[in-house]
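In: Sequence plus the predicted model coming up.
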2 protein chains.
Amino acid sequence: MSNTTAAGVPFQTIGIIGCGLIGCSIAAALKMRGFRGRIVGCGRAGANLETAAARGHIDAAETDLAKGARQCDLVVVCTPVDHIVHDVRLAADACRTGTLITDAGSVKQTICGPLSHGIPPSVTFIGSHPIAGSEKQGCAHASPDLFENRVCVVAPDPATPRHEVDRLGAFWRSLGLAVVEMSPEDHDRALAQTSHVPHVVAAALAASLTAQNQGLTAGGFQDTTRIAAGDPELWTAILLANAEAVADGARGFSECLAALVRAVETRDKRALVELLRSAKTNRDAATFRNEPPA
Amino acid sequence: MSNTTAAGVPFQTIGIIGCGLIGCSIAAALKMRGFRGRIVGCGRAGANLETAAARGHIDAAETDLAKGARQCDLVVVCTPVDHIVHDVRLAADACRTGTLITDAGSVKQTICGPLSHGIPPSVTFIGSHPIAGSEKQGCAHASPDLFENRVCVVAPDPATPRHEVDRLGAFWRSLGLAVVEMSPEDHDRALAQTSHVPHVVAAALAASLTAQNQGLTAGGFQDTTRIAAGDPELWTAILLANAEAVADGARGFSECLAALVRAVETRDKRALVELLRSAKTNRDAATFRNEPPA
């Protein structure tokens, strides 16, 4: 565990809207890292909210979002990306003066764009994306380590007061994340390449597996397709919210694939070694801060 | 650990030709599972052979392949796929009457085809492929668990005596593998889909990552590209030895990818959910016998 703690985060009551994998992992990380305040979990009545309360991730469960948000000085909206704008507006209209609202959505333009207006001036919204996840869903799979040594992108509007950006940065850092500031546009283009296109590619690999070969897979197939086990509805919303960048990224990927397949088909040994070597160099250089070097 | 042991394998002295990751994992598994005979490791003088001896995976190290093979009643050739035919012939010419020779190569036609003639009648060669591996190389990363609950394909010639196939099956099962008999052609077509195309796809994903986005990757990218960190020379040899099936498999994959990208570009929510759902169904159905169900 990195040695930052959540003991000194500048908030007394933190609201988690959406108590699934991400929301409950945030709550669990806060508890593990010594957060001294109160955590209010908001969501639909059901298994996630019950598990969150039973496991002690949250101090109070609230099915009325406005009633929950009203108690908080920080609200983190962790619902699916196509619900976030709606849920932030509901929270913003209910919150006390001075409350900071953020989200944890995997896309930023379709969230930060609409929310750049219509938020009451007494509260502040800043978009966030803690880059971490799992193919598994729900509070039952939440982990206080999920964000350990990962990166969180924060995408403030140019007009956002600096001290609010700093408060938000301090919050994410207290969970073990490194914080990077980016525009929503730059975030979405980058994440298309590092997350959304890999998801589509993994899904295509899984889809192309024929039934009679299902028993002849091993670690390679298992790793390469792991994210294809993710929730189809959640991922449809993410991909459609970043459609243009995903299609662009898929074209870049397909060109690399075509070059590799051409080298295989023409038995061009030298070209193939070179392409695989440059892929390996790129892969080895990618930052996986929680994985020991190979 | 499955409850089969190697105490009763029908061989007294087993030769491992090529003491890298696969060869040393076989030796380590034999030791862990109570093999009572002797293991002779053959390879070039160097770190792998030294580590294999130092860690006790092998009982004797031999840099002269013929000299090593002469001592054995089973020889397992674990060298790169483009060396196997040569090494099997060397071993076959040196072996005593009755010796069984097999290999662990990831392709079978370019190995079993040439070796269907020219082997002295006093010894038997049967091609094998224990489907397991790692992106890491060398004896230093060997593990006695590598084959635990994996599948080994055995590809005997129709003329091979049944009792030799049975002896070989007993050997692989003693390492924790399930044994499946297939023709070299069927093996290569299947493995193109379950291993070789995923490798090319992972390499293309890694190759398409631009430098400024290397820090914005997380678990999804990490898993999806893990095998792209594998050895470029080893994989070039595998892909070129199965070029036609790999190119065919890549076409099947690309069609699935194109359908997904089309659904993203046309914002066809219903089609996209359906495609991701069928990918998930396929992925969940693939047999990963050493992974607990999600």
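Out: Done, it's in. Residues are numbered from 1 along each chain as shown, chains lettered A, B, ... in the order given.
In: Where does pLDDT dip in chain A?
Out: Applying pLDDT under 70 to chain A flags residues A:1-3, A:287-294.
In: Per the annotation, how does it divide into domains?
Out: Domain segmentation of chain A under automatic domain parsing yields A:13-182, A:187-285.
In: Including distance to chain B and mean neighbour count, could the ones you listed go into a markdown table?
Out: In this view, the C-beta of every residue, glycine as well, is placed from N, C-alpha and C. Below are these laid out as a markdown table (distance: least, C-beta to the nearest C-beta, whole Å; neighbours: other C-beta atoms under 10 Å in any protein chain shown):
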| stretch | distance to chain B | mean neighbour count |
| --- | --- | --- |
| domain A:13-182 | 5 | 20 |
| domain A:187-285 | 4 | 21 |
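In: so which of the ones you listed gets nearest residue B:262?
Out: domain A:187-285 (9.1 Å; C-beta to C-beta).
In: Do a quick rundown of the strands in chain A.
Out: When assigned using DSSP state E, the strands of chain A occupy the ranges A:13-17, A:38-42, A:60-62, A:74-77, A:100-103, A:124-131, A:151-155, A:178-181.
In: Would you mind putting the ones you listed into TSV with distance to residue A:161 alongside?
Out: Shown next, in TSV, are these (distance: least, C-beta to C-beta, whole Å):
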stretch	distance to residue A:161
strand A:13-17	20
strand A:38-42	25
strand A:60-62	28
strand A:74-77	15
strand A:100-103	10
strand A:124-131	7
strand A:151-155	14
strand A:178-181	14
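In: excluding its backbone neighbours, what's nearest residue A:238?
Out: Spatial nearest neighbour of residue A:238, chain neighbours left out: residue A:106 (4.9 Å); criterion: C-beta to C-beta, 6 or more residues apart in numbering or on different chains.
In: Let me see the contact set for that neighbour.
Out: By C-beta atoms under 8 Å, 6 or more residues apart in numbering or on different chains, residue A:106 lies in contact with A:81, A:129, A:133, A:191, A:195-196, A:238.
In: just checking, residue A:149 touches residue A:175?
Out: No - applying C-beta atoms under 8 Å, one finds residue A:149 not in contact with residue A:175, separated by 10.6 Å.
In: Show me where chain A has its helices.
Out: Ranges of helices within chain A are A:21-32, A:47-54, A:65-70, A:84-94, A:109-112, A:162-173, A:184-191, A:197-207, A:219-224, A:232-241, A:243-265, A:269-285, based on DSSP state H.
In: Columns distance to residue A:153 on top of these, output as CSV?
Out: Formatted as CSV, those follow (distance: least, C-beta to C-beta, whole Å):
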stretch, distance to residue A:153
helix A:21-32, 14
helix A:47-54, 25
helix A:65-70, 23
helix A:84-94, 15
helix A:109-112, 11
helix A:162-173, 10
helix A:184-191, 5
helix A:197-207, 17
helix A:219-224, 25
helix A:232-241, 15
helix A:243-265, 14
helix A:269-285, 20
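In: So which of these is nearest residue B:185?
Out: Closest to residue B:185 of the helices of chain A, according to C-beta to C-beta: helix A:243-265, at 18.1 Å.
In: Run the angle between that closest one and helix A:232-241 for me.
Out: Calculated by axes from the mean of the first three to the mean of the last three C-alpha atoms, to 10 degrees, helix A:243-265 forms an angle of 100 degrees with helix A:232-241.
In: quick one, helix A:243-265 and helix A:184-191 angle?
Out: Going by the same axes, to 10 degrees, helix A:243-265 makes 30 degrees with helix A:184-191.
In: Convert helix A:243-265 to PDB, retaining C-alpha atoms only.
Out: Output in PDB follows, covering the C-alpha atoms of helix A:243-265 (Å, rounded to 0.1, in the frame of the first residue of the first chain):
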ATOM      1  CA  ALA A 243     -18.000   6.200 -30.700                       C
ATOM      2  CA  GLU A 244     -15.900   8.300 -33.000                       C
ATOM      3  CA  ALA A 245     -12.600   7.800 -31.000                       C
ATOM      4  CA  VAL A 246     -13.300   4.100 -30.700                       C
ATOM      5  CA  ALA A 247     -13.900   3.700 -34.500                       C
ATOM      6  CA  ASP A 248     -10.700   5.800 -35.100                       C
ATOM      7  CA  GLY A 249      -8.700   3.600 -32.600                       C
ATOM      8  CA  ALA A 250     -10.100   0.400 -34.200                       C
ATOM      9  CA  ARG A 251      -8.700   1.600 -37.600                       C
ATOM     10  CA  GLY A 252      -5.300   2.100 -36.100                       C
ATOM     11  CA  PHE A 253      -5.400  -1.300 -34.500                       C
ATOM     12  CA  SER A 254      -6.600  -2.900 -37.800                       C
ATOM     13  CA  GLU A 255      -3.700  -1.400 -39.700                       C
ATOM     14  CA  CYS A 256      -1.200  -2.900 -37.200                       C
ATOM     15  CA  LEU A 257      -3.000  -6.300 -37.400                       C
ATOM     16  CA  ALA A 258      -3.000  -6.200 -41.200                       C
ATOM     17  CA  ALA A 259       0.800  -5.600 -41.300                       C
ATOM     18  CA  LEU A 260       1.300  -8.600 -39.000                       C
ATOM     19  CA  VAL A 261      -1.000 -10.900 -41.000                       C
ATOM     20  CA  ARG A 262       0.700  -9.800 -44.300                       C
ATOM     21  CA  ALA A 263       4.100 -10.700 -42.800                       C
ATOM     22  CA  VAL A 264       2.700 -14.100 -41.800                       C
ATOM     23  CA  GLU A 265       1.000 -14.700 -45.200                       C
END
